[in-house]
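K.L.:
got a predicted model here, sequence first, then my questions.
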Amino acid sequence: MPTKQPISFWTYFSTLEDPRTRQCCYPLQEILLLALCAVLSGADDWVMICLWGNQKLEWLRKFLPFKNGIPSHDTLGRVFGLLDAARFEQCFIDWMRSAEGVLQGQEINIDGKTVRGSRSDLNKAIHIVSAYAGSLGLTLGQCKTAEKSNEITAIPELLDSLLLTGCTVTIDAMGCQKAIAAQIVSKNADYVLAVKDNQPTLAHCVETAFGSISTPDAALKQGLTPDAALKQGLVSHIQKIEKDHGRIETRRYTVLQNLACMDALRQDWPSLTAFIKVESTRDIKGEVSTETRYYISSRAGTAEELGGIVRRHWGIENGLHWVLDVSYREDQARTRVRNSAENFSILRRISLNLIRQDKVTKAGVKNRRLKAGSNDTYREKLISFQAFA
C-alpha cells in the first residue's frame, strides 16, 4: 500500500477519463504518475519510461500501489494514443489556472512550434500553439493545430481557456486579427500585436502615421522643441545597442499614442492606443542588414516600456521552444500514433513547469532532469509542489 497521498497535481487531473473500456491491470492514475516522473527524470520516449519505471518501482509505490508492476512500452503508447488530448490539455490549463494571482500584470507570449518528429507518411507533423509567461518561465496552456496556417483558429481557442485579467498578450503577425484583439480586451487584458501585410489597411495606416511625424533627429534639424514634436504625435523614442560575439545590433523604438487616425481604427481594433515602430540594424563583421517592424497596442507606455514588451515576446523561442528541442529532444521524438504526440508534448510542458519551480539549483533544465533521475528526494520535492507553492 502507498505510504503517502497522491501528488498534488492529481487534484487537477483526477477527472481525466480512462479511454480503455474494459478492466485493466494498470490504472490510469498509475500510468500518468509513471509517465510524468519518468519524463521529469530524463525519459524521452515510451521505452525509456518503461525502463525507468522498472528501476524506480519501489519509489513509485510510495504514492500508488502499482500492484501489477510497470506497463510495457506498447501499453504506454496505446493508452496515450487513446487518451483524449483535448481533455488532458484542459486539465493542464486548469492546473495552471491556480496561478491566477501570480499572473496579474504578467506578459503572456503566444506562438506556435511544429513537432517535426510527429510527421508520418499519412499525417503532417502537428503544430502546437503555446501560451508562455516569460518572467515566470511557465507554459500556461497549449492547443494543437493541423498546420501552422491554422494558428488563426487555434489562438482564440487557447485564449478562451486562459485567465488573462491584468495581463498583456503578445502575438506575432499571424495573430493580428480583429476578433483576437477584441477577445483579449473582453478578458480585461491588453494586446501587443505585430502588424504585416495580412492586414493591409491597418499596415498602411501605421506606416503613414510614422511617415507624418518628426523623429527626434528631424525635430532637432527643424528647430522644433521636444514639446512641439510631441504635439505632432511623437510620444517616445529610445535607442538600444547590443554587442555580442562580433555582432553589433542597434534597435530604435518609437511609440505614437492617441493619434486622430486611431479613432476610426478602434471600431475594428478595440482599445487601440499606440503604434510601435522597431528599426533594427545588424552589423556582423562589416555586413550590415536592416529591418523595420510595426506593432499595435491597447496598452499605453513609453518606448522603453513597450519596446521591452516587444523584445521579450521572443523569449518564448529561447525559454520554451529551444528548451523543448535541446533539453527534451522534442523534434527527434517519434511518437505518432493517434493522440500520443500531443499528449507527450503536454507531459514535457508539465515537466518543464515543475522543474522551473526550483529556484535553488544552479543548473540548466537538462542537468536538473539528470538530477531528478538520480535523486529520489529531489524528484519527490518537484512533484509535490503545488502549482506555485
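P.N.:
Sure, I can see it.
K.L.:
lowest average confidence, helix or strand, in this structure?
P.N.:
Every helix and strand in the chain was compared by mean pLDDT, DSSP states H and E; the lowest is helix 216-221, with a mean of 51.
K.L.:
and the strands in the stretch 151-300 of the chain?
P.N.:
168-171, 190-195, 234-244, 247-257, 274-284, 287-297 (DSSP state E, counting those that start in this stretch).
K.L.:
tell me which of these sits most buried.
P.N.:
strand 168-171 (a mean of 26; mean count of other Cβ atoms under 10 Å). The C-beta positions use only the backbone N, C-alpha and C, and glycine is treated the same way.
K.L.:
partners of that strand, with directions?
P.N.:
The strands that strand 168-171 pairs with in its sheet are strand 107-114 (parallel), strand 190-195 (parallel) (by DSSP bridges).
K.L.:
need these in CSV with distance to His73 and mean pLDDT, can you?
P.N.:
As requested, the strands paired with strand 168-171 are arranged in CSV below (distance: least, Cβ to Cβ, whole Å; pLDDT from 0 to 100):
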stretch, distance to His73, mean pLDDT
strand 107-114, 25, 92
strand 190-195, 42, 97
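K.L.:
could you dump the ones you listed into TSV with distance to Leu138 added?
P.N.:
Below are the strands paired with strand 168-171 laid out as TSV (distance: least, Cβ to Cβ, whole Å):
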stretch	distance to Leu138
strand 107-114	10
strand 190-195	19
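K.L.:
so for this structure, the centremost residue is which one?
P.N.:
When the chain is reduced to its mean C-alpha position, the closest residue under Cα atoms, centre = their mean turns out to be Tyr132, at 2.8 Å.
K.L.:
surely Cys24 meets Glu30?
P.N.:
No: applying Cβ atoms under 8 Å, one finds Cys24 not in contact with Glu30, separated by 10.0 Å.
K.L.:
all strands of the stretch 1-150 of the chain, in order?
P.N.:
For the stretch 1-150 of the chain, the strands defined by DSSP E, counting those that start in this stretch occupy 107-114, 127-133, 138-145.
K.L.:
out of the strands of the stretch 151-300 of the chain, flag the one nearest Arg97.
P.N.:
Closest of these to Arg97 is strand 168-171, at 15.9 Å (criterion: Cβ to Cβ).
K.L.:
so how far is Ile108 from the nearest residue to Glu330 once chain neighbours are set aside?
P.N.:
Distances taken as Cβ to Cβ, 6 or more residues apart in numbering place Leu324 nearest to Glu330, at 4.3 Å, with adjacent residues excluded. Taking Cβ to Cβ, to the nearest Å as the measure, Leu324 falls 18 Å from Ile108.
K.L.:
and His313, by the same measure?
P.N.:
Per Cβ to Cβ, His313 is found 10 Å from Ile108.
K.L.:
what comes up buried for stretch 360-380?
P.N.:
Across stretch 360-380, burial judged by 16 or more other Cβ atoms under 10 Å covers 365, 368-369, 371-373, 378-380.
K.L.:
now this structure, which segments are flagged as low pLDDT?
P.N.:
Across the chain, the ranges flagged by pLDDT under 70 are 1-9, 99-101, 117-123, 146-149, 213-235, 333-337, 385-389.
K.L.:
next secondary structure element downstream of the helix of greatest length in it?
P.N.:
The residue-count maximum for a helix in the chain (DSSP state H) belongs to helix 340-355. Scanning forward in sequence from helix 340-355 by DSSP states H and E, the next helix or strand is helix 365-374.
K.L.:
pull that following helix out as CSV, backbone CA atoms only.
P.N.:
Taking Å, rounded to 0.1, in the frame of the first residue of the first chain, the C-alpha atoms of helix 365-374 are listed here in CSV:
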residue,chain,number,x,y,z
VAL,A,365,16.9,22.2,-17.4
LYS,A,366,18.8,19.3,-18.9
ASN,A,367,21.0,18.9,-15.8
ARG,A,368,18.0,19.3,-13.5
ARG,A,369,16.4,16.4,-15.3
LEU,A,370,19.6,14.4,-14.7
LYS,A,371,19.4,15.3,-11.0
ALA,A,372,15.7,14.3,-10.8
GLY,A,373,16.6,11.0,-12.4
SER,A,374,19.2,10.1,-9.8
